[in-house]
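1. generate coordinates for the sequence data below:
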Amino acid sequence: MNISDMSKLRGYGRRLRDALVPGGLILSYHRIADAEPDPWGVAVSPQHFEEHLAVIRHLGRPVRLSQLTDRLKEGKSLKGTVAITFDDGYADNYSTAYPLLEKYDIPATVFVVSGAIDAKRAFWWEELSALLLRPGCLPAVLELPVRGKTHRIELAHAAVYSETDRRRDMTLRIWHAEPGTRLHLCRRLWILFQQLTALEQAELLKRLREWASLSGSVPIRPLTMSAQQIRHLASEGLIDIGGHTVTHAKLPCHDEDYQRDEIETDKATLEELTEMPVTSFAYPHGDHCPTTLRLVQDAGYERACSVTWGRVRGKDNSFLLPRYEVSDCNGDQLARRFFRQ
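-> Next up is the predicted model:
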């Protein structure tokens, strides 16, 4: 798609704007980067992201997430509205996404994991994949003690991981991994780690490094925003900062007190940092339970996003907003997916 040829796109937009499927659209991004490997499927290239913004500007009606939910509460039409969100608070949201959002004058909400601000290391899932998806040999058996139970995994052929294996896995997503592969081992441990507290995750990473005969953390550059970058985003007016817990906790896996602390401490930290109200929340991993919903509302949030696919429609719950996670597709593909019946 040639984004400089806007005349054709404008005409296309006029024809299709009134044909949009009724309902608001919330798009979910994580990283805007040329990331390889990307087993989690969280990266969209800067070129493709700019194409997405061109499509959204000319085929939809970009709005703030708060504006979309205000219209929802007021019973107004959501047809054509598009809200952009980012999860986790990656540094490229500031360095790469923000200049492009400014260029197209499109607002967005960035949901920040407050415990990762100014982080000296990567998120646990990135360290996990960096540790396991590197060519070399690992011990044939992995034993991890978790909450009184020892998880024993026999690696078999996956104990040896070649450069060919790595190149193959660079083309896959972790949920497509075949049993018995190193990528599948990474997926199994990812599922296990999600259920744990941050302290338990750190302890297991330490054990994994010892098992793999690696000292210290796996060499991987921290990828999250600094406090200064978040303050700047909030102060410029185009970006709203939202909550995403302190540690990216999978909330329903924990008791009520743990959930409350993750939700309320995150909100208080972000509001102190930005000196602005933080009114939007996104559930890490998209997971929630009735207790989670109540705690989010009790904390003073006005809306919350899930990862359930769908458009926002008139009777939707503002604390269970559906979103579409956007893959690394080009602008034409985005237009065909979201802006045609």
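2. gap between the helix or strand containing Arg337 and the chain center?
-> Taking DSSP states H and E as the criterion, the element that holds Arg337 is helix 331-338. Using C-alpha atoms, centre = their mean, to the nearest Å, the mean C-alpha position of helix 331-338 is found 20 Å from that of the whole chain.
3. contact partners of it?
-> 1, 3, 12, 25, 27, 48, 51-52, 54-55, 59-60, 324, 326, 329 (C-beta atoms under 8 Å, 6 or more residues apart in numbering). All C-beta atoms are positioned from the backbone trio N, CA, C, and that covers glycine.
4. so what's Arg187 up against?
-> 174-175, 177.
5. let me have those residues in CSV, adding secondary structure as columns.
-> Formatted as CSV, the contacts of Arg187 follow (DSSP: H, G, I helix; E, B strand; the rest coil):
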residue, secondary structure
Ile174, helix
Trp175, helix
Ala177, coil
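6. out of these, which end up buried?
-> 174, 177 (16 or more other C-beta atoms under 10 Å).
7. wait, which of the contacts of Arg187 is closest to Phe319?
-> Trp175 (26.8 Å; C-beta to C-beta).
8. name the residues of the helix holding Arg337 that are buried.
-> 331, 333-335, 338.
9. could you chop the protein up by domain?
-> The chain breaks down into these domains under automatic domain parsing: 6-120+224-338, 124-211.
10. in the stretch 201-341 of the chain, which spans are helices?
-> Applying DSSP state H, counting those that start in this stretch to the stretch 201-341 of the chain gives helices spanning 227-236, 256-274, 290-298, 331-338.
11. redo the ones you listed as CSV? Include mean pLDDT and distance to Arg207.
-> Formatted as CSV, the helices of the stretch 201-341 of the chain follow (pLDDT from 0 to 100; distance: least, C-beta to C-beta, whole Å):
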stretch, mean pLDDT, distance to Arg207
helix 227-236, 97, 31
helix 256-274, 98, 22
helix 290-298, 98, 29
helix 331-338, 94, 42
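12. Leu132 is nearest to which of these?
-> The nearest among the helices of the stretch 201-341 of the chain, by C-beta to C-beta, is helix 256-274 at 26.7 Å.
13. now do the buried residues in the closest one.
-> 259-267, 269-271, 273-274.
14. can you pull out the low-pLDDT segments for the stretch 101-250 of the chain?
-> Residue ranges of the stretch 101-250 of the chain with pLDDT under 70: 214-222.
15. strands of that one, start to end?
-> Here the stretch 101-250 of the chain has its strands, by DSSP state E, counting those that start in this stretch, at 108-112, 136-137, 141-146, 149-154, 160-161, 239-243.
16. let's have those strands in JSON lines, adding mean neighbour count.
-> Shown next, in JSON lines, are those (neighbours: other C-beta atoms under 10 Å):
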{"stretch": "strand 108-112", "mean neighbour count": "27"}
{"stretch": "strand 136-137", "mean neighbour count": "12"}
{"stretch": "strand 141-146", "mean neighbour count": "14"}
{"stretch": "strand 149-154", "mean neighbour count": "10"}
{"stretch": "strand 160-161", "mean neighbour count": "18"}
{"stretch": "strand 239-243", "mean neighbour count": "25"}
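17. what about Pro62, distance to Arg134?
-> 40 Å (C-beta to C-beta, to the nearest Å).
18. now, the contacts of helix 331-338 that are in strands?
-> Judged by DSSP state E, strands contain the following of these: 25, 27, 324.
19. the longest strand in the chain is where?
-> In the chain, with assignment by DSSP E, the single longest strand is strand 81-88.
20. other residues contacting that strand?
-> Contacts of strand 81-88 (C-beta under 8 Å, 6+ apart): 24-30, 56, 60-65, 67-68, 71, 93, 97, 101, 106-113, 116, 123, 224, 242, 244, 248, 282, 305, 323.
21. could you tell me which of those count as buried?
-> 24-30, 56, 60-65, 68, 71, 93, 97, 101, 106-113, 116, 123, 224, 242, 244, 248, 282, 305, 323.
22. wait, what's in contact with Lys152?
-> Rather than Lys, residue 152 is Arg. Arg152 touches 141-143, counting by C-beta under 8 Å, 6+ apart.
23. quick one, helices of the stretch 1-150 of the chain?
-> Using DSSP H, counting those that start in this stretch, helices in the stretch 1-150 of the chain cover 6-17, 46-59, 65-74, 91-92, 98-104, 124-132.
24. can you check which of the ones you listed gets nearest to Gln229?
-> helix 91-92 (7.2 Å).
25. I'd like the average pLDDT over that closest one.
-> For helix 91-92, mean pLDDT rounds to 96.
26. which residues touch it?
-> So helix 91-92 is contacted by 31-33, 222-226, 229 (C-beta under 8 Å, 6+ apart).
27. just the buried residues of the residues you listed.
-> By 16+ other C-beta under 10 Å, these give 31-33, 223-225, 229 as buried.
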